[in-house]
Structure formats: structure tokens, C-alpha cells
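>>> Provided below for reference: sequence and predicted model.
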Amino acid sequence: MTLNRCKMLTPDQYEALLEKSMGLLVVGYLSDDLISSRQMQILADFAQSAARRVTCAILNPAYGAYFEKNLKLDGSPTFLLFFSGVEQRRFLGSADFEDLRELASGPAGDVAL
């Protein structure tokens, strides 16, 4: 399933994406509740605007227990930034567009959006 430019990832798809990722990757861990529906739209809007610089994806909430254990996630929403497959930073809690832009900016790639 894809929401605009954000693909919904299973654990296998997530691992494969990390292995081949050579640039910036923003991944959202979102539950299925109404707040997350808004968060999914914000991530999709960010993905649309940053398409040439950042890959965006959403962790499938059906595999929440797997992702929580393996990524040491404490809750939803959580946004993770990876550079070349290595986690650089996290943003915990509800994010707006500017929060995601700031997450994807800095030492990991200095994305100018």
C-alpha cells in the first residue's frame, strides 16, 4: 500500500529498504488511530515536497510488536531518520511539516527544503 510517496512497509520490506538505502530515509511509525491518520498525511506531504532528496516510508502497524521490539520504539507516532541505512535521529510525538523538515536537516545530509 502506498500513500502518495510513502510506501507501507512490512518487516522484510523495511530491512530490504535499509540495505539498499544510500541516502536519507524518513520512516514513520504510526498507529491506526485518527491522530496517525493526520500524521500520515503530513508525512505524505513531506515526502511529496522532498521527493528528490529524501525517501519516506511508513512502518505497517500490523507488525507493531516486531517494530517496537527491534527498533526500540516506545510509542506512536515516532519518526526515524536514516542515512545510508544507519539511524541518525528520532522525533517522538506528533510532528508537523516543519518538524519533519528539521529532522531531515543537519549533519546526516543537510537537506535544504
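Right, received. Where do you want to start?

>>> Show the model's pLDDT score for D110.
Looking at D110, its pLDDT is 48.

>>> I'd like to know how many residues surround G85.
When neighbours are defined as other C-beta atoms under 10 Å, G85 has 14 of them. C-beta coordinates here come from the backbone N, C-alpha and C atoms, glycine included.

>>> Is the residue nearest to it when sequence neighbours are not counted part of a helix or strand, or is it coil?
Leaving aside its sequence neighbours, G85 sits nearest to L18 (C-beta to C-beta, 6 or more residues apart in numbering; 4.5 Å). In three-state terms, and counting by DSSP: H, G, I helix; E, B strand; the rest coil, L18 is helix.

>>> Quick one: residues contacting L18.
L18 is in contact with 25, 82, 85, counting by C-beta atoms under 8 Å, 6 or more residues apart in numbering.

>>> Output the residues you listed in TSV; the columns should cover secondary structure.
Below are these laid out as TSV (three-state DSSP):
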residue	secondary structure
L25	strand
F82	strand
G85	coil
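
>>> would a markdown table of the residues you listed with distance to D99 be doable?
Shown next, in a markdown table, are the contacts of L18 (distance: C-beta to C-beta, whole Å):
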| residue | distance to D99 |
| --- | --- |
| L25 | 17 |
| F82 | 17 |
| G85 | 23 |
